[in-house]
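Visitor: Let's see this in three dimensions:
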Amino acid sequence: MTGASDRDPGLQPERTRLAWRRTTLSCTVAAVLAAKQALHGGRTAVGLVAVALSGLVWLGFLAVAHRRIQSLTRSARPGVLRHREAVATLACVAALALFAVAMLV
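Guide: From the prediction side, this is the model:
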């Protein structure tokens, strides 16, 4: 019988790293498209505030994703995603969606 410490993680950490990278790329595309929409559709105060906030939220998500990718790279058996990181990730994604809706209105 093998213990939990003998577990071979296989490719699961690599798949998780790739998923974080894809999600980061998606957030980057959303932030860039938000900036393009705000600048191309006419510079309104609401649009510029939404772009600035989208940039800040994108930086926050980038920090969380970078920290998670580094923890997956460092260890053969990475720890679980902490509650604080999960909430920060969810908040960033929800905020990007909210800012997108604000720019369309």
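
Visitor: How about the contacts made by L72?
Guide: P13, T16, R17, W20, P78 (C-beta atoms under 8 Å, 6 or more residues apart in numbering). All C-beta spots, glycine's among them, are computed from the backbone N, C-alpha and C.

Visitor: List the buried residues for whichever strand or helix holds it?
Guide: Secondary structure assignment for L72, by DSSP states H and E: helix 45-74. Burial within helix 45-74, assessed by neighbour count using 16 or more other C-beta atoms under 10 Å, is assigned to 47, 50-51, 53-54, 57-58, 60-61, 64-65, 68-69, 71-72.

Visitor: can you pull the contacts of the residue most central in space within the chain?
Guide: Among the residues of the chain, the one closest to the centroid is F61, at 4.0 Å (C-alpha atoms, centre = their mean). Residues in contact with F61 (C-beta under 8 Å, 6+ apart) are T24, C27, A88, T89, C92, V93, L96.

Visitor: Which one of those residues is nearest to A102?
Guide: When the contacts of F61 are ranked by distance to A102 (C-beta to C-beta), L96 comes first, at 10.7 Å.

Visitor: count of residues packed around the closest one?
Guide: 20 (other C-beta atoms under 10 Å).

Visitor: surely it meets A31?
Guide: Yes: L96 is in contact with A31 according to C-beta atoms under 8 Å; the separation is 7.1 Å.
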